[in-house]
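Visitor: Quick one, structure for this:
(chains A and B)
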Amino acid sequence: MAVETKLPYDKQYVSQFSEKRGEPNWMKEFRLQALEQSENLPMPKPEKTRIDTWNFTEFNHEVTGAEISNLEELPEQLKVFFDLESKNENVLIQRNHTVAYASLADSLKDKGVIFTDIFTAVKEHSDLVKKYYMRDTLSVDENRLTALHAALLNGGVFIYVPKNVVIDEPLQTIFWQEDEEAALYNHVLIVADQGSEVTYVENYVSHNDEKPSVANIVTEVIALDQARVSYGAVDNFAQGTTTYVNRRGVAYRDAKIEWAIGQMNDGNTISENTTNLMGDNSHAEAKAVTVGRGNQSQNFVANITHFGKGSEGYILSHGVMKDKASSIFSGIGKIEHGASKSNAEQESRVLMLSEGARGDANPILLIDEDDVTAGHAASVGRVDPLQLFYLMSRGISKKEAERLVIHGFLAPVVNQIPIEAVRKQLTNVIERKVN
Amino acid sequence: MAASTLVIKDLHVEIEGKEILKGVNLTINTGEFHAVMGPNGTGKSTLASAIMGHPKYEITKGSVLLNGEDVLEMEVDERAQAGLFLAMQYPSEISGVTNSDFLRSSINALRGEGNEIPLMQFIKEMDAAMDYLEMDKNMAQRYLNEGFSGGEKKRNEILQLMLLKPAIGILDEIDSGLDIDALKVVSKGINKMRNDGFGCLIITHYQRLLEYITPDKVHVMMQGRVVKSGGPELAERLEAEGYEWIKEELGIEDETVGQEA
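Guide: Numbering: from 1, shown residues only, chains lettered A, B, ... in the order given. Okay, the predicted model is just below:
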């Protein structure tokens, strides 16, 4: 089956879309140029995953959502993401493509912290956004989907943490696709200036079990010298959504980026997470877990590339596969020439819960420097019968024993999510998916 | 406390088609400590694992009854529910599951739905047992057996024994790999369990454990059978003279079973 890959969104549409939002001219031009490039660029080519029958074109690009005056008003299915008692003040909820709710602690505003939606940001902080938007971590012309992302951007947030500002409370976002056919071209741009620290947690939610839609997401994390960014994410798009999500980071001297990503989509997914360790002694941890079920096909790439000397990279991906789900996990640790004393470690493990599932773990080390250390571990297997025997010998039922082993297997990411409500909600999603 | 009896009758067990146990007979009542001794490779650990339902062992003949109920018909968790406990020689490591979550799940599984242990009571009991076993408190929050030293794993098995309070405990080489201080602590934990409602089957090939735990009955296994039984004096004689005299007495040349020469 050949799938139409031409989109019904042309130059005129994109211009109008940009103008309606009052975007600065550079942004409009950026979109138009990307749109033009997209026509000649190839689709991404994920390793061992065929995407030629996936839906990338059927969706609704522009929808709006109603505002919410306070978090108590949220429907139950969204309330679960918040510790309502702890009164986290740093929250942004995007409903369809509208900012439904946004708040930021005054103390952070006073320090110059910016936490706002991407459209406000391009208007109010135009130079700052322009300086980083789709430049340092990824280029528009990597493939057709990155170009379309730039052309059709319809949501997202911008975070700027000024020099030496340390934010203790996490910044939390919910990207809620209430409309079943709404596509999400979402961009998260985080700039952590020198010596700053920030923790960010996001949830993607949609409910379109049947209606087709598309999510095309780019995250960029820029950690300047000595900055620390801790990034937690739970992707939970429903079965109808085809997801292309590309999370990129760049860490400069002595900077650290930690990713903890729960990849809980029910639809077909391409997910890439790449961090470039540009600076000496920079550090990245890329931890991701997934549960695959039904007939979904997913492709995960985790890449840490070392340019700086003494840089440390650690990749962990754990996947649970059931039903007829199929997933390819590629972990790439790359050490460039000159990045001496660097260390690239990775671990990929896949737990198979049914005969019909498929999981491939491909650990890749590409090393162009002698004075380094590197290691990898990969395995694909079933739940260990001796572990079950051990747990059951204490009176725990087989079902509960399997549940404990699976949750334990996914714990490296779950435990790292810094907001308790989000952690609990991720645990519930896992529960729902494995049972 | 209710009295229980575990009766093992003519038990034959195979692993991968090879017969390891060739007719074991043993009866253990609550209130009694039994020691099963013997050189390596004589089937002692197979006996322990087979009673608990280890997936690798196949029972080809014989029976195991707990208070008249057929244990071999039960799933592994049902055996635990019925009152059996096995302290394993090589406990599994389970990443991502904390020791305390595991303990609480186990206790609650045994207590049954609607009768879960209150959290504060659980913490109190766990803390007390950990103190008694001289365990570092942070072991409660570590992942189950992951990265535990040999001695820590054994203490952790005894911790479970103390908290789960089974009717019959089977301890498979609980003394192996322990230094003398750890051995004393582990023995102290086991001795604390001694009461009319608890029976114990202690499997060891060292006599030294029995310096700290006095068994009521001692059995020697060779060639997949119990070849000699007696009182504590049997253990003392084994300590003084080794196993050779038994082999001579019974005309056994090779005491092992299921191993290629």
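Visitor: And residue A:393, how close does it get to residue B:109?
Guide: 11 Å (Cβ to Cβ, to the nearest Å). Backbone N, C-alpha and C define where each C-beta goes, glycine included.
Visitor: er, residue B:194 actually
Guide: 25 Å.
Visitor: which one of the two has more residues nearby?
Guide: The residue with more neighbours, out of residue B:194 and residue B:109, is residue B:109; 22 against 14, by other Cβ atoms under 10 Å in any protein chain shown.
Visitor: Any residue of the helix or strand hosting residue B:202 touching chain A?
Guide: Element membership of residue B:202 [criterion: DSSP states H and E] is strand B:199-203. No: Strand B:199-203 is not in contact with chain A by Cβ under 8 Å from any Cβ of the partner chain; minimum separation 14.4 Å.
Visitor: Other residues contacting the following helix or strand past that strand?
Guide: Going down the chain from strand B:199-203, the next helix or strand is strand B:217-222, by DSSP H and E. By Cβ atoms under 8 Å, 6 or more residues apart in numbering or on different chains, the surrounding residues in contact with strand B:217-222 are B:24, B:26, B:32-39, B:42-44, B:47, B:210, B:226-232, B:234-235, B:238, B:243, B:246-247, B:250, B:252, B:255, B:257.
Visitor: Show me which residues of the stretch 1-150 of chain B sit near chain A.
Guide: So far as Cβ under 8 Å from any Cβ goes, the stretch 1-150 of chain B lies against chain A at B:52-55, B:75-77, B:79-81, B:85-86, B:88, B:91-92, B:94-97, B:101-102, B:105-106, B:109-110, B:143-144.
Visitor: Spit out the residues that contact residue A:393 and residue B:109 alike.
Guide: In terms of Cβ under 8 Å, 6+ apart, residue A:393 and residue B:109 are both contacted by the residues B:77, B:80.
Visitor: Quick check: which element contains the one residue in chain B that gets nearest to chain A?
Guide: At 2.8 Å from chain A, residue B:96 is the closest residue in chain B, using Cβ to the nearest Cβ. If you go by DSSP H and E, residue B:96 is part of strand B:94-98.
Visitor: That strand: partners in the sheet, and parallel or antiparallel?
Guide: Neighbouring strands of strand B:94-98 in its sheet, by DSSP bridges, are strand B:143-144 (antiparallel).
Visitor: which residues touch the helix or strand following the partner strand?
Guide: Past strand B:143-144, further along toward the C-terminus, the next helix or strand under DSSP H and E is helix B:150-164. The contact list for helix B:150-164 (Cβ under 8 Å, 6+ apart) reads A:394-395, B:80, B:85, B:87-88, B:91, B:99, B:103, B:106-107, B:110, B:125-126, B:129-130, B:132-135, B:139, B:145, B:148, B:169, B:171, B:174-179, B:182, B:185-186, B:189-190, B:192-193.
Visitor: Just after helix B:150-164, pick out the following helix or strand.
Guide: strand B:168-172.
Visitor: helices and strands around that next one, which ones?
Guide: In this structure, strand B:168-172 packs against helix B:44-52, strand B:84-87, helix B:150-164, strand B:199-203, with contacts taken as 3 or more Cβ pairs under 8 Å, 6 or more residues apart in numbering or on different chains; DSSP states H and E.
Visitor: partner strands of that strand, parallel or antiparallel?
Guide: Here strand B:168-172 has these sheet partners by DSSP bridges: strand B:84-87 (parallel), strand B:199-203 (parallel).
Visitor: can you tell me the average pLDDT over it?
Guide: Strand B:168-172 shows a mean pLDDT of 98.
Visitor: Which parts of the stretch 51-200 of chain A are strands?
Guide: Assigned by DSSP state E, counting those that start in this stretch, the strands in the stretch 51-200 of chain A fall at A:91-95, A:98-103, A:114-117, A:155-161, A:171-177, A:184-192, A:197-206.
Visitor: partner strands of the second one, parallel or antiparallel?
Guide: When you say that, I think you mean strand A:98-103. Sheet pairing of strand A:98-103 (DSSP bridges) gives strand A:91-95 (antiparallel).
Visitor: same thing with the shortest one?
Guide: In its sheet, strand A:114-117 lies beside strand A:155-161 (antiparallel), with partners assigned from DSSP bridges.
Visitor: how about the strand it pairs with as CSV, C-alpha atoms only?
Guide: Output in CSV follows, covering the C-alpha atoms of strand A:155-161 (Å, rounded to 0.1, in the frame of the first residue of the first chain):
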residue,chain,number,x,y,z
GLY,A,155,2.8,23.9,20.2
GLY,A,156,5.5,23.8,22.8
VAL,A,157,7.3,25.6,25.6
PHE,A,158,10.4,27.7,26.0
ILE,A,159,12.4,27.6,29.2
TYR,A,160,15.4,29.8,30.0
VAL,A,161,17.3,29.6,33.3
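Visitor: Strand A:184-192 and that one, what's the angle between them?
Guide: Computed by axes from the mean of the first three to the mean of the last three Cα atoms, to 10 degrees, the angle separating strand A:155-161 from strand A:184-192 equals 0 degrees.
Visitor: What's the per-residue pLDDT of the residue of chain B closest to chain A here?
Guide: Per-residue confidence (pLDDT) for residue B:96: 93.
Visitor: again with residue A:85
Guide: pLDDT, residue A:85: 76.
Visitor: what about it, how many residues close to it?
Guide: Using other Cβ under 10 Å, residue A:85 has 7 neighbouring residues.
Visitor: can you check residue B:251 too?
Guide: Residues near residue B:251, counting by other Cβ under 10 Å: 6.
Visitor: just residue A:196 next, same as before
Guide: Count around residue A:196 with other Cβ under 10 Å applied: 24.
Visitor: Skip the chain neighbours and tell me the closest residue to residue A:429.
Guide: Here the nearest residue to residue A:429 in space, its sequence neighbours aside, is residue A:264; by Cβ to Cβ, 6 or more residues apart in numbering or on different chains that works out to 4.9 Å.
Visitor: let me fix that: residue A:403
Guide: residue A:434 (7.2 Å).
Visitor: Name all residues that make contact with that neighbour.
Guide: Residue A:434 neighbours (Cβ under 8 Å, 6+ apart): A:291, A:293, A:320, A:322, A:353, A:403, A:406.
Visitor: so who does the third one touch?
Guide: Read it as residue A:320. Applying Cβ under 8 Å, 6+ apart, the residues near residue A:320 are A:289-292, A:350-351, A:353, A:406, A:409-410, A:434.
Visitor: same thing but 10 Å
Guide: With contact set as Cβ atoms under 10 Å, 6 or more residues apart in numbering or on different chains, residue A:320 has these partners: A:289-293, A:327, A:349-353, A:357, A:359, A:383, A:405-407, A:409-410, A:430, A:433-434.
Visitor: quick one: which of these sit in strands?
Guide: A:289-292, A:327, A:349-352, A:359 (DSSP state E).
Visitor: Could you list which of the residues you listed also contact chain B?
Guide: Among the ones in strands among the contacts of residue A:320, proximity to chain B is found for residue A:349 (Cβ under 10 Å from any Cβ of the partner chain).
Visitor: and the ones in strands among the contacts of residue A:320, which two are the farthest apart?
Guide: Pairwise distances across those peak at 14.9 Å for A:289 and A:352 (criterion: Cβ to Cβ).
Visitor: more neighbours, those two?
Guide: Between residue A:289 and residue A:352, residue A:289 has the larger neighbour count (other Cβ under 10 Å), namely 24 against 19.
Visitor: Across the sheet, point out what pairs with that one.
Guide: Beta-bridge partners, per DSSP bridges, of residue A:289: residue A:262, residue A:318.
Visitor: And it, how far from residue B:224?
Guide: 46 Å.
Visitor: and the residue of the stretch 201-350 of chain A found nearest chain B, what does it touch?
Guide: The nearest approach of the stretch 201-350 of chain A to chain B comes at residue A:318, 9.1 Å away (Cβ to the nearest Cβ). Residue A:318 makes contacts with A:287-291, A:329, A:347-351, A:361, A:406, A:408-413, B:95-96, as judged by Cβ under 10 Å, 6+ apart.
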